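Colleague: when you get a sec, could you give me coordinates for this:
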Amino acid sequence: MAVREILTFDHPILRQKARKVARVDASVVRLLDDLAETMYAAPGAGLAAPQIGVPLRVCVVKGDDNQHWSLVNPVLVRWEGSQVGPEGCLSLPGWVGEVERYETVWVRALNRKGKEIKVKASGFTARAFQHEIDHLDGILFTDRLTSLETLKRVEELEAGELEAVRG
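Modeller: Residues are numbered from 1 along each chain as shown. Model prediction:
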C-alpha cells in the first residue's frame with residue numbers, strides 16, 4: 001500500500017469519464033488499498049481512482065459509522081428523498097459548498113474479491129457514495145452547487161458546519 005498524490009480540480013483527468021474495470025485482479029486490489037491508505041491519510045470520507053490519476057471506475061468510501069467500502073464499477077440503482085448540505089473534496093482542498101443530493105441510495109458494485117454487492121446508505125454516507133460516483137463520471141461537487149455563493153473557504157465555516165463536512 002502507498003499514499004498517493006491527490007490531483008487537484010484543474011487536472012484534466014478529473015473531467016473524464018473513467019473506464020469500467022473488466023475484472024478484479026491483483027492490480028485492482030492494490031489500487032483499492034492505495035486509495036484507502038491515501039483517503040485515511042488525507043483525511044477524507046472517500047476517494048476515487050481518477051483523483052490519484054487512474055482513469056478506472058474504482059473508489060473507496062468511509063461512512064459516517066466508520067464502515068469502509070471498496071467499490072469497483074459502482075452504479076446507483078435506486079434513490080429517494082433529498083438532502084442539502086455542505087460538501088468538500090480532497091481535490092479542492094480548503095473549500096466547501098452546499099450541494100443537494102439524494103437522502104438514500106442503493107449502490108451496486110463489485111467488492112475487492114470481484115463479488116457483486118449491494119449497499120443501501122442514507123445521510124452522510126449516501127452523500128459520500130454519490131460524490132465518489134460523480135468523480136467516476138468526470139463531475140466535481142462544484143458542478144452541483146445549489147448556488148455559487150455557497151462556495152466558501154473552510155476557515156469561514158463555523159464549528160458545526162465543519163463537522164458536517166468531515167463526517
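Colleague: find the centremost residue of this protein, please.
Modeller: residue 132 (2.5 Å; CA atoms, centre = their mean).
Colleague: check which helix or strand covers that one.
Modeller: Using DSSP states H and E, residue 132 sits in helix 123-136.
Colleague: give me the helices and strands touching that helix, please.
Modeller: Where contact means 3 or more CB pairs under 8 Å, 6 or more residues apart in numbering; DSSP states H and E, helix 123-136 is packed against strand 46-48, strand 58-62, strand 68-80, strand 83-88, strand 95-101, strand 104-110, strand 116-122. All C-beta atoms are positioned from the backbone trio N, CA, C, and that covers glycine.
Colleague: so it versus strand 116-122, what angle?
Modeller: Helix 123-136 runs at 130 degrees relative to strand 116-122, counting by axes from the mean of the first three to the mean of the last three CA atoms, to 10 degrees.
Colleague: low-confidence stretches in this structure?
Modeller: By pLDDT under 70, the weakly predicted segments of the chain are 157-167.
Colleague: so in it, which helix runs the longest?
Modeller: Criterion DSSP state H: the longest helix present in the chain is helix 26-41.
Colleague: now do the buried residues in it.
Modeller: Buried residues in helix 26-41, counted by 16 or more other CB atoms under 10 Å: 28, 31-32, 34-39.
Colleague: gap between the nearest residue to residue 40 once chain neighbours are set aside and residue 92?
Modeller: Using CB to CB, 6 or more residues apart in numbering and skipping the chain neighbours, the partner closest in space to residue 40 is residue 62 (7.6 Å). Plainly put, residue 62 is 18 Å away from residue 92 if you go by CB to CB, to the nearest Å.
Colleague: same question for residue 140.
Modeller: 7 Å.
Colleague: can you list residues touching both of those two?
Modeller: Residues within reach of residue 140 and of residue 92 at once, by CB atoms under 8 Å, 6 or more residues apart in numbering, are residue 9.
Colleague: sorry, back to before: closest one of the buried residues of helix 26-41 to residue 67?
Modeller: For those, the residue nearest residue 67 by CB to CB is residue 36; the value is 12.4 Å.
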